[in-house]
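Asks: any chance you could fold what I've pasted below:
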Amino acid sequence: MKMADEGRRLVVASQNAGKCREMARILDRFEIHSLGEFDAISFPDEGLDYFENARQKAVTAARATGMVCVADDSGLEVEALSGAPGPLSARYGGPGLDDRGRLEVLLEALRGVPTPRRARFFCVAACARPDGHFALAEGSCEGELLTEANGAGGFGYDPIFRPCGVDRSMAELGCAEKDVLSHRGRAFRTLEPQIESLLGDGDA
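Replies: As a prediction, this is how the structure comes out:
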């Protein structure tokens, strides 16, 4: 792993441990901090717009911590469900469900749908400074949904998502392989030049 450049500190605006680990790998040029190092932050309610959700999370966290923050809003879009659960992916099935519970609700919703069950992961990545300057980028990963969970890696819907051109679920991939293919990896690699700009002294 590459060493983070000194002083290149970023806060990941998420409480999801799996996402924070993934972000630390993808943005390994930077020194990554989690929200757990700061006082609790009250975020605005999320809506149905990936771009606005990601922007609000990054800007809110940056203003609260006084540091440059990165955030994302991601979702699984299933062709047979007209793009659902989409921006509601982390809340799919109602309150109180964990990753496994949401995955099982989705599999039940797809019962009887023939394969291939096309889907994609979509991500909007955001970076913001405490002064409100921000940047956004997007990335996606096309694939299909399996009929049962496979693999113990990853998080969320990874165990039932198989990327195009791959013979394993996202949860069966090694970290390096997943980061190359994933929607989040693609979005944040696209955003990286703007992150550098926002960390600099000049206006972004």
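
Asks: and stretch 182-194, which residues are buried?
Replies: 182-189, 191-192, 194 (16 or more other C-beta atoms under 10 Å). (C-beta placed from N, C-alpha, C; glycine too.)

Asks: could you export it as PDB, CA atoms only?
Replies: Output of stretch 182-194 as PDB, limited to C-alpha atoms (Å, rounded to 0.1, in the frame of the first residue of the first chain):
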ATOM      1  CA  SER A 182     -16.600  -1.000  -8.000                       C
ATOM      2  CA  HIS A 183     -18.800   2.000  -8.600                       C
ATOM      3  CA  ARG A 184     -17.300   3.700  -5.500                       C
ATOM      4  CA  GLY A 185     -13.700   3.100  -6.700                       C
ATOM      5  CA  ARG A 186     -14.500   4.500 -10.200                       C
ATOM      6  CA  ALA A 187     -16.300   7.600  -8.700                       C
ATOM      7  CA  PHE A 188     -13.500   8.500  -6.300                       C
ATOM      8  CA  ARG A 189     -10.700   8.000  -8.800                       C
ATOM      9  CA  THR A 190     -12.500  10.400 -11.100                       C
ATOM     10  CA  LEU A 191     -12.900  12.900  -8.200                       C
ATOM     11  CA  GLU A 192      -9.300  12.600  -7.000                       C
ATOM     12  CA  PRO A 193      -8.000  15.700  -8.900                       C
ATOM     13  CA  GLN A 194     -10.800  17.800  -7.400                       C
END
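
Asks: pLDDT (mean, whole number) over that stretch?
Replies: The average pLDDT for stretch 182-194 rounds to 97.

Asks: now render the buried residues of stretch 182-194 as JSON lines, adding distance to Val68 and secondary structure.
Replies: Shown next, in JSON lines, are those (distance: C-beta to C-beta, whole Å; DSSP: H, G, I helix; E, B strand; the rest coil):
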{"residue": "Ser182", "distance to Val68": "22", "secondary structure": "coil"}
{"residue": "His183", "distance to Val68": "22", "secondary structure": "helix"}
{"residue": "Arg184", "distance to Val68": "18", "secondary structure": "helix"}
{"residue": "Gly185", "distance to Val68": "20", "secondary structure": "helix"}
{"residue": "Arg186", "distance to Val68": "21", "secondary structure": "helix"}
{"residue": "Ala187", "distance to Val68": "17", "secondary structure": "helix"}
{"residue": "Phe188", "distance to Val68": "14", "secondary structure": "helix"}
{"residue": "Arg189", "distance to Val68": "17", "secondary structure": "helix"}
{"residue": "Leu191", "distance to Val68": "12", "secondary structure": "helix"}
{"residue": "Glu192", "distance to Val68": "13", "secondary structure": "helix"}
{"residue": "Gln194", "distance to Val68": "11", "secondary structure": "helix"}
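
Asks: fine by me, thanks again.
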